[in-house]
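Chemist: no FASTA, just this:
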C-alpha cells in the first residue's frame, strides 16, 4: 500500500470515528413541572395554572429545534401537562416513570436513548435527585415551591457528563391568592 493510500485510509477512519462519537452524545433536559393551579388547596393532583400552561408551551418552543426522542413525566396531571407540548411537537408520547426511583430512570434513559435527547419532567423534590442519578453533583441545595423556571441540561458522551443550569420562560408570574 502506498503512503498516500495509507494517509487517506487513516484520514477516512478519523472522520468516521469523529462522526460516531458525535452521534453517541446524549442530552437530557430535566425540569420541574410548570406552575400549578392552587385555587383548590385540597386538590392533591392539580392541573397547571394558565401560567404553567404558558411555561409548558415555552419549554416546547425552546426544545423544538432539538432532537428529542423521548419525554418522561411522573403520573401527576401537572407533570404530564408540562411534558405534553414538547412530546406532541416531536411526535412522541409521554412515558411515565416512578419518581421514587430516579436511578432506574437514569439507567433506562442511558440504555434506550443513547445518542438522542430526552426531556424529564419532575417535581421540586425530585428534579435534583434526577440530576444526581445521572452522576452529577446537584448544582444547588434544593428547589423551593416557587422555582419553576430551572432547566438542567446534561450532556453525556462516553464517561463524560456536563451540566448546564439555566432558566427559561417568564421568570415572574402572577401569584394566586
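Modeler: Perfect, thanks for sending it. Given the structure is predicted, the values throughout are model-derived calculations rather than measurements. Numbering: from 1, shown residues only.

Chemist: three-state assignment of the spatially most central residue of the chain?
Modeler: In the chain, the residue lying closest to the centroid (Cα atoms, centre = their mean) is residue 29, at 2.0 Å. For residue 29, the secondary-structure state derived from DSSP: H, G, I helix; E, B strand; the rest coil is strand.

Chemist: which residue is the nearest non-sequential neighbour of it?
Modeler: Distances taken as Cβ to Cβ, 6 or more residues apart in numbering put residue 119 closest to residue 29, at 4.9 Å, once the chain neighbours are dropped. C-beta coordinates here come from the backbone N, C-alpha and C atoms, glycine included.

Chemist: chain center to the one helix or strand that neighbour maps to: distance?
Modeler: Per DSSP states H and E, residue 119 falls inside strand 117-122. Relative to the centre of its chain, strand 117-122 is centred 3 Å away, using Cα atoms, centre = their mean, to the nearest Å.

Chemist: just to revisit the earlier point, and the pLDDT for the residue nearest to the centre of the chain?
Modeler: Residue 29 carries a pLDDT value of 98.

Chemist: from what I can see it touches residue 120, true?
Modeler: Yes: with contact defined as Cβ atoms under 8 Å, residue 29 counts as touching residue 120 (7.1 Å).

Chemist: got the contact list for the closest residue to residue 90 other than its chain neighbours?
Modeler: Nearest non-adjacent residue to residue 90, counting by Cβ to Cβ, 6+ apart: residue 68, 4.3 Å away. Residues in contact with residue 68 (Cβ atoms under 8 Å, 6 or more residues apart in numbering) are 86-87, 89-90, 92, 116-119.

Chemist: that's all I had, so thanks and see you.
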